[in-house]
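> Next come a sequence and a model predicted from it.
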Amino acid sequence: MCKTVQVARSAYYKWLHHKPSKGEIRDQKILKQIKEIAKSNNSLFGSPKMTMALNAQRKEGEPVVYRRTVSRIMCVNGIRTSKGRFNKKYHYKPSTPEETAENLLKRDFNADKPNQKWCTDITEKKIPGHDQKIFLCTIFDLYDRYPVGYALSRRNDIALVQAALDDAWAKEPNSHAMLDSDRGFQFTRKPFAQKLQDHGMTQSMSRVSRCIDNGPMEGWQGLIKEMLDVLYPDVKTYDEMKDAFDKTIDYYINCDPQERFGGKTAGQVRVEAKADPEHISTYKIVSDKRYKEWWDKIKAKKNQPA
């Protein structure tokens, strides 16, 4: 047999009598956990979040699992994330606003506590095989990346935004946060501004054609739609899509670990902050050096003499 497959007899007997090392035994244990997590969420996680999920399951006394180990095991065993890159296409529609507000947020996306800075926006998703769309409006807390309130509808209108706000106010009735949005027609109507004022909230608006002013909200919407496509790929009707959004947002809150929070979920961070308001942990956004250099170059070009 060895001669047929062109393998040395010594190599064959070495393989036959091989006893797994401690490292190999541990790799097999990790592989089993990876497969279980991947099966539970249709391979939603890549190696970074898979590492955080594994460490969240770690029992007391067990060693930390490192990303490089997880990446190697996933690569060797052909386990890949089902999630692709999200490339959003922007279509700007001119509008005549009744009411506008200053850009008070000014891209300062850090918050020291819950209900200090909220963002809102509307996104849409086409229902496969239909001409129908579903619209999602979310009220998003910048402190813990937590969707405080949201609403789903067949129509992109003022009622959708009001439903999302009502949901947020029902859960956080004492909040007087700054609310940042783009300049969509839903957010520039006088009744909307008046409702915020009546609730003791401050309105902030992104500048025209500056989607990065509301970057965290835009990014979260893309993330949720990516997660939905992976977790619920067989959605075919409006009701199924609505249910899929509800379940995906719940999964994000309770099961999606985030590197910025040390592997905790948005739900865990919020529960901890509410449990001990006097000692709230802060999670500052680490500035990206490349991002800063990019903007410095743009400013330098603008300041060049004509």
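Here it is on my side, so go on.
> backbone phi and psi for Tyr252, please?
Main-chain torsions, Tyr252, degrees, to the nearest 10: phi -60, psi -50.
> Figure out how far stretch 180-191 is from the centre of its chain.
Offset of stretch 180-191 from its chain centre (Cα atoms, centre = their mean, to the nearest Å): 24 Å.
> got it, and stretch 110-127?
Per Cα atoms, centre = their mean, the displacement of stretch 110-127 from the mean C-alpha position of its chain is 11 Å.
> and it, C-alpha only, in CSV?
Taking Å, rounded to 0.1, in the frame of the first residue of the first chain, the C-alpha atoms of stretch 110-127 are listed here in CSV:
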residue,chain,number,x,y,z
ASN,A,110,-17.8,59.8,21.7
ALA,A,111,-20.3,59.8,24.6
ASP,A,112,-19.6,59.5,28.4
LYS,A,113,-22.9,57.9,29.3
PRO,A,114,-26.1,56.5,27.8
ASN,A,115,-28.7,58.8,26.4
GLN,A,116,-26.3,61.7,25.9
LYS,A,117,-26.0,61.6,22.1
TRP,A,118,-28.5,59.9,19.8
CYS,A,119,-28.4,59.5,16.0
THR,A,120,-31.2,58.6,13.7
ASP,A,121,-31.6,57.7,10.0
ILE,A,122,-33.8,55.7,7.7
THR,A,123,-32.7,52.8,5.5
GLU,A,124,-34.5,50.6,3.1
LYS,A,125,-34.3,47.0,2.0
LYS,A,126,-35.9,45.4,-1.1
ILE,A,127,-37.9,42.2,-0.5
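> what comes up buried for it?
111, 114-115, 117-123, 125, 127 (16 or more other Cβ atoms under 10 Å). C-beta: built from backbone N, CA, C; applies to glycine.
> quick one: the helices in the stretch 51-200 of the chain?
Applying DSSP state H, counting those that start in this stretch to the stretch 51-200 of the chain gives helices spanning 67-76, 158-171, 190-198.
> Contacts for the second one next, please.
Which is helix 158-171. With Cβ atoms under 8 Å, 6 or more residues apart in numbering as the test, helix 158-171 has contacts from 118, 120, 122, 135, 137-139, 148-151, 153, 175, 186-187, 189, 191-192, 195, 199.
> got the contact list for Val64?
55, 58.
> Sorry, wrong one. I was asking about Pro114.
141, 143-144, 146, 172, 270, 273-274, 280 are the contacts of Pro114 under Cβ under 8 Å, 6+ apart.
> And it, how close does it get to Lys106?
21 Å (Cβ to Cβ, to the nearest Å).
> about what we covered before: whichever of the contacts of Pro114 end up buried, select them in PyMOL.
A single PyMOL command is used to select the members of the contacts of Pro114 judged buried by 16+ other Cβ under 10 Å:
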select buried, resi 141+143+144+146+172+270+273+280
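> Which two among the contacts of Pro114 are spaced furthest apart?
Glu172 and Ile280 (15.2 Å; Cβ to Cβ).
> rewinding a little: make TSV from the helices of the stretch 51-200 of the chain and add mean neighbour count to it.
Shown next, in TSV, are these (neighbours: other Cβ atoms under 10 Å):
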stretch	mean neighbour count
helix 67-76	16
helix 158-171	18
helix 190-198	14
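> Which parts of the chain belong to which domain?
Domain assignment for the chain by automatic domain parsing gives 2-76, 117-279.
> which stretch in the ones you listed is the model least sure about?
Out of those, domain 2-76 stands lowest, with a mean of 87 (criterion: mean pLDDT).
> which strand residues sit across from Cys137 in the sheet?
Ile122, Ala151 (DSSP bridges).
> ok, it touching Val148?
No: in this structure, Cys137 is not within contact of Val148 by Cβ atoms under 8 Å, at 11.9 Å.
> so Lys242 sits in a strand?
No: if the criterion is DSSP: H, G, I helix; E, B strand; the rest coil, then Lys242 is helix and not within a strand.
> Against Tyr252, how distant is Val235?
Per Cβ to Cβ, Val235 is found 17 Å from Tyr252.
> same thing with Met74?
On the measure of Cβ to Cβ, Met74 and Tyr252 end up 22 Å apart.
> And Gly267, by the same measure?
9 Å.
> and what of Arg154?
Per Cβ to Cβ, Arg154 is found 23 Å from Tyr252.
> More neighbours: which of those two?
Tyr252 (22 against 13; other Cβ atoms under 10 Å).
> isn't the more buried one right up against Leu228?
No: contact criterion Cβ under 8 Å: Tyr252 and Leu228 do not qualify, at 9.7 Å.
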